[in-house]
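Trainee: only the shape, not the letters, is given here:
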């Protein structure tokens, strides 16, 4: 069985991003979302357990939401109001139920990037 993990890196300081609120949802065929899991990133910018695994790890479309604006505000990083980035939403697909999907987020208050990691 495969699983889904994530990792958040604050590229403004080159460190992991702890305390980021993360929400995982499945995107249904009609475009609605079903929330599956919420958590906070740990001191290493990761989650303590996979976000999705076992019987729940099925092919389909998903969204990860990262509360990046709140993270930077808690660090007293100067930001514009309204925030340029507040919640970063990544929509991605899982095709192979036997694979590990790792979705890292590299972020600043004004930019982000992602990729399928290993």
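Mentor: Looks like it came in fine. Bear in mind the structure is a predicted one, so any value in this text is a computation, not a measurement. Numbers count the residues shown, from 1 in each chain.
Trainee: residue 109 against residue 86, yeah?
Mentor: No. At 9.9 Å, residue 109 and residue 86 do not qualify as touching, with contact defined as C-beta atoms under 8 Å. For glycine as for every other residue, the C-beta is placed from the backbone atoms N, C-alpha and C.
Trainee: pLDDT score for residue 28?
Mentor: pLDDT recorded at residue 28 is 96.
Trainee: next, count neighbours for residue 64.
Mentor: 20 (other C-beta atoms under 10 Å).
Trainee: ranges for the strands of the protein?
Mentor: 3-10, 15-16, 21-27, 33-40, 52-53, 60-67, 87-94, 100-107, 112-114 (DSSP state E).
Trainee: redo those strands as CSV? Include distance to residue 78.
Mentor: Rendered in CSV, the data for those read as follows (distance: least, C-beta to C-beta, whole Å):
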stretch, distance to residue 78
strand 3-10, 15
strand 15-16, 18
strand 21-27, 21
strand 33-40, 24
strand 52-53, 35
strand 60-67, 18
strand 87-94, 19
strand 100-107, 16
strand 112-114, 18
